[in-house]
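Chemist: Requesting a structural model of the entry that follows:
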Amino acid sequence: MKIKFYGAAGEVGRSCILIESANTRVLLDCGIKLGKQEQYPVIEDSEFKTIDAIVLSHAHLDHCGYLPHVFSTGFNGYIYTTKPTFELVNVLLSDYLKISNPKNVTKEGFNKVNKHYKIVDYNQEFAIKGLKFKLLPAGHVLGSSLVEVWDSKHRLIYTGDMSLKKTRLLEPAQTDNLNDDTLIIESTNAGEQDEVQDDATTIQKLLASVKDTINRGGKVVIPSFAVGRAQEVLFILDDYMRSGVIPKVPIYIDGMISKAMRIYRHNVIYCRKELQQRILMSEDDPFKSANFHNVMTKQMRSKIMTEHETCIIVTTSGMISGGPIIKYLERLAGDPKNKLLFVGYQAEGTTGRMIVEGAKEVELNGKKVPIKMSVEMHRLSGHADKEQLSRFITKIHGLKNIFIVHGEGTKGKFMQETLEKKYKVNVPVLDQEYELN
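Modeler: Numbering: from 1, shown residues only. You can find the predicted model right below:
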């Protein structure tokens, strides 16, 4: 079995890993890297003719955003993934193409994407020519998967993005009965300096900040990924607004978050059983809370921004790389009463990262916008922290080889140093190939 890294090597973004065995070549994920300039997997277009299929771990653009380009090259293979991932990917890709309008995508290529899916249930074994696969719950976002792949000699597990903590919506990643000699693992939160607070502490600080802004008559603006983070944040705000911890004000939902919420609701069987029972056994459907107000028109958005009403706005995009958040910041960033609350990872080179690191002025839609509103980070990570990553590794029986990906800077090297006494550990670079012995 051979492994080649076309992305996510020493970086967060453009996840794309080739698994090759005998006469079979399969890509695990096929994403883009957002930043000042979009970056794509370092695979030549001509090579897609040799790829048999793509297996998707989950619906985030850094894992699926390159699919329209792949099919624009003439690729006719299938994408294997879970039902929620299939539905969420289609929403994300439509929005991404509308905002970014990438030159490497044809209309025909984009239309082919949603016609080439094979839907797979968790723990269902399936074959792609000479390789066998199984998808397991990853605990990251709805439908996210760990990917197990094996041939006659080797058995590999790829984490994609994963989490071992229970959230309001999801169970942790599955860790039972893992027997794999090779692991490809993310390292988003694995750096020596990474300090991931427990969620209870983070949530209390977040709520105190929201309450303070509301009491001062300001507007709270929360940029969020449409899939995963937005649902978690909205459920937190709704729960504590119902209990009276934070004052009752409108929670406006803008961007494609509303579409993602409907997909979550329609696929609630993939969520925690407590959430399923809450919906089935009572009239209390948290996805349809009276506290939520969907922003349906530009006129409604303009009214929210111009009126003096204090409120909470949860909108895309999470890294301020496009979407309605741009309009909100153009209008609201200059007022010190307002507050910008980041709740998720900000990639290098993004506007969100610049603001988090203290930029007092950013360029939005070609205009210089002063940042006078308060800015805070209360990170509710959907990624495993150092302790969870270590615990996950110990759950894998027969493990020999580890490849560390999806981490910035020295995170992979730091993680390597903690593991190399027991395992053969590699931190790949782009376009590097390995053969398992």
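
Chemist: contacting residues around K2?
Modeler: Listed by Cβ atoms under 8 Å, 6 or more residues apart in numbering, the contact set of K2 reads L18, I19, E20, S21, E433, Y434, E435, L436. (Glycine included, C-beta is placed from N, CA and C.)

Chemist: Return the members of the residues you listed classed as buried.
Modeler: When the contacts of K2 are checked for burial by 16 or more other Cβ atoms under 10 Å, the buried set is L18, I19, E20, S21, L436.

Chemist: Partner strands of the helix or strand where H293 lies, with direction?
Modeler: In this assignment (DSSP states H and E), H293 forms part of strand 292-294. Strand pairing for strand 292-294, using DSSP bridges, gives strand 251-253 (parallel).

Chemist: Average pLDDT for the helix or strand just after the strand it pairs with, rounded please.
Modeler: Moving toward the C-terminus from strand 251-253, the next helix or strand (DSSP H and E) is helix 257-266. Mean per-residue pLDDT for helix 257-266: 94.

Chemist: Name the helix or strand for the residue lying farthest from the centre of the chain, please.
Modeler: Distance from the C-alpha centroid of the chain peaks at H308, with 33.5 Å (Cα atoms, centre = their mean). H308 belongs to no helix or strand when elements are defined using DSSP H and E.

Chemist: Enumerate every residue touching the nearest residue to it once chain neighbours are set aside.
Modeler: In this structure, H308 finds its nearest non-sequential neighbour in G217, 7.4 Å apart by Cβ to Cβ, 6 or more residues apart in numbering. Neighbouring residues of G217 by Cβ under 8 Å, 6+ apart: H308, T310, K337.

Chemist: Go through the residues you listed and name the one nearest Y117.
Modeler: Taking Cβ to Cβ as the measure, Y117 sits nearest to T310 out of these, at 43.5 Å.

Chemist: that older thread, now the residue nearest to H308: how far from V233?
Modeler: Taking Cβ to Cβ, to the nearest Å as the measure, G217 falls 22 Å from V233.

Chemist: Mind jotting down where the strands sit in the stretch 251-400 of the chain?
Modeler: Under the criterion DSSP state E, counting those that start in this stretch, the stretch 251-400 of the chain contains strands at 251-253, 292-294, 311-315, 339-342, 361-364, 367-370, 374-377, 396-397.

Chemist: so what's the nearest residue to Y252 once chain neighbours are set aside scoring on pLDDT?
Modeler: Nearest residue to Y252, sequence neighbours excluded (Cβ to Cβ, 6+ apart): I313, at 4.8 Å. Looking at I313, its pLDDT stands at 98.

Chemist: ok, I313 to I355 distance?
Modeler: 16 Å.

Chemist: Residue ranges of each domain in the chain, please.
Modeler: Under the assignment automatic domain parsing, the domains of the chain span 2-192+382-435, 199-256+290-377.

Chemist: now the first one, how far from the chain's geometric center?
Modeler: To tie it back to what came earlier, the one meant is domain 2-192+382-435. Remark: domain 2-192+382-435 is offset 12 Å from the chain centroid, using Cα atoms, centre = their mean, to the nearest Å.

Chemist: From the opening residue of that domain to its closing one, how far?
Modeler: 4 Å (Cα to Cα, to the nearest Å).

Chemist: contacting residues for the residue most central in space within the chain?
Modeler: For the chain, the residue sitting closest to the mean C-alpha position, by Cα atoms, centre = their mean, is H60 at 4.3 Å. Neighbour list for H60: G31, L92, V141, D161, F225, V227, G228 [criterion: Cβ under 8 Å, 6+ apart].

Chemist: For burial, what's the neighbour tally of the closest residue to E38 other than its chain neighbours?
Modeler: Nearest non-adjacent residue to E38, counting by Cβ to Cβ, 6+ apart: I32, 5.5 Å away. I32 has 26 neighbouring residues, counting by other Cβ atoms under 10 Å.

Chemist: in the stretch 101-250 of the chain, which ranges drop under the pLDDT threshold?
Modeler: Counting by pLDDT under 70, the ranges of the stretch 101-250 of the chain that qualify are 196-197.

Chemist: Of the strands of the stretch 251-400 of the chain, which is nearest V427?
Modeler: So among those, strand 396-397 is nearest, using Cβ to Cβ, at 18.5 Å.
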